[in-house]
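> Give me a 3D structure for the following:
(one chain, ligands or ions: 3)
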Amino acid sequence: MAPVCVLVGVMGAGKTSTGLLVASGLGVDFRDTDSDIEARAGKPIPEIFVDDGEEHFRTLERDAVATALASFDGVLALGGGAILAEENRAALAGHRVIYLSVELTDAVKRVGLGTGRPLLAINPRATLKHLLDQRRPLYTEVASQTVVTDGRTPEQVAEEILAGLANDRVG
Ligand SMILES: Nc1ncnc2c1ncn2[C@@H]1O[C@H](COP(=O)(O)OP(=O)(O)OP(=O)(O)O)[C@@H](O)[C@H]1O
Ligand SMILES: O=C(O)C1=C[C@@H](O)[C@@H](O)[C@H](O)C1
Ligand SMILES: [Mg+2]
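Ligands and ions are numbered 1, 2, ... in the order given. So this is what the prediction gives:
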């Protein structure tokens, strides 16, 4: 069993909003490792960061990624920082990984004040710039396809992904 596709990208790339649309277009389930982690921890991500620290969150995230890749066959969205772990990047080999790319201007608009995103609690713009610079090469490394989302709606992005998946099935 393997996900139909795995969406990666920085916070605000639209993994959750676009992923839900792609899953609905395909008639399959949508799953988000951030939600899996919250369900397992029994508390929201900002509380996990405060109570247990980012390192513990990353441990839960590695477990959530491995479990979802092995047992889920719908559309899977990974947390924005999941690709930081070499173990997760290795686990993505052989999967259809779609990198939703977004540049700083649109990402800042989309995350607003960063509510619910602990890494963006202080100076979201500067932090997002740093995360984008650090992670762009890692997203690209694991991706089988990059879909640009700047200036586009989640519906337009989902349409491009669905067309690519349909094309694969025909070709
Ligand atoms: N292509 C888009 N155009 C405009 N707004 C978008 C687009 N994609 C997502 N958004 C909006 O940006 C916000 C963040 O999107 P979303 O939560 O889907 O991102 P994410 O990649 O899942 O982020 P995170 O990693 O924090 O979970 C939401 O308010 C969503 O409606
Ligand atoms: O970019 C990140 O490191 C994160 C992104 C979110 O999806 C959550 O996984 C968490 O807030 C950390
Ligand atoms: Mg999300």
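> Now do the strand or helix carrying residue 156, average pLDDT.
Assigned by DSSP states H and E, residue 156 belongs to helix 154-170. Confidence for helix 154-170, expressed as mean pLDDT, is 92.
> burial count for residue 159?
16 (other C-beta atoms under 10 Å). From N, CA and C alone the C-beta is placed, and that goes for glycine too.
> Now do the residue of the chain found nearest ligand 1: how many residues are near it, please.
The nearest approach of the chain to ligand 1 comes at residue 14, 2.7 Å away (C-beta to the nearest ligand atom). By other C-beta under 10 Å, the residues close to residue 14 number 24.
> mind listing what's buried in the helix holding residue 156?
Buried residues in helix 154-170, defined by neighbour count with 16 or more other C-beta atoms under 10 Å: 154, 157-161, 165.
> Repeat that for stretch 118-128.
118-120, 124, 127-128.
> Which of those fall within strands?
Applying DSSP state E to the buried residues of stretch 118-128, no entry is found in strands.
> which of the residues you listed come close to ligand 2?
118-119 (C-beta under 6 Å from any ligand atom).
> Distance of residue 156 relative to ligand 2?
The gap separating residue 156 from ligand 2 is 22 Å, by C-beta to the nearest ligand atom, to the nearest Å.
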